[in-house]
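[1] pasting the sequence and the predicted model now:
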Amino acid sequence: QAQAQKEAKKLCEQFTSNPSSSLIEALLQAKTMRKCVLETMRVTAHTLGGLRYANQNLEVQMTNPKCSYQIAQGETVALAHHTMHMEASLWGSDPEVFSLDRPEWNEPDDKEHIG
């Protein structure tokens, strides 16, 4: 938290003293703030989920409970983001914990990841 506050203060000072400086360049330096945003979105389920259409017949294997589901081509599938974001097989043994140290939040230092 202290590091994110330090980065936010630095950004505010930078744009107060030099409003014409590059916003993207400044945000690329705010690594901890970026991790805070990503982890907040993961933990708080920023949307209810997503809808997808099966473009082919699928069989989905489940591990808990051990079973499978058949999805026919053309069917609509609803995905709950929060459920996936709390899945230990995806996020490790502590998916319910807010953590900036998740390896998923480490990013190469290049601008192509900024959309």
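    That came through fine. Residues are numbered from 1 along each chain as shown.
[2] now the helices for this structure?
    Here the chain has its helices, by DSSP state H, at 2-17, 23-29, 31-44, 81-85, 88-91.
[3] which parts of the shortest one are buried?
    Okay, so that is helix 88-91. By 16 or more other C-beta atoms under 10 Å, the buried positions in helix 88-91 come out as Trp91. For glycine as for every other residue, the C-beta is placed from the backbone atoms N, C-alpha and C.
[4] and if you look at the first one?
    The neighbour-count check on helix 2-17 (16+ other C-beta under 10 Å) flags 4, 7, 11, 14 as buried.
[5] looking at the helices of the chain, which has the lowest confidence?
    Ranked by mean pLDDT, these end with helix 23-29 in last place, scoring a mean of 76.
[6] could you list every helix and strand in contact with that one?
    Judged by 3 or more C-beta pairs under 8 Å, 6 or more residues apart in numbering; DSSP states H and E, the packing partners of helix 23-29 are helix 2-17.
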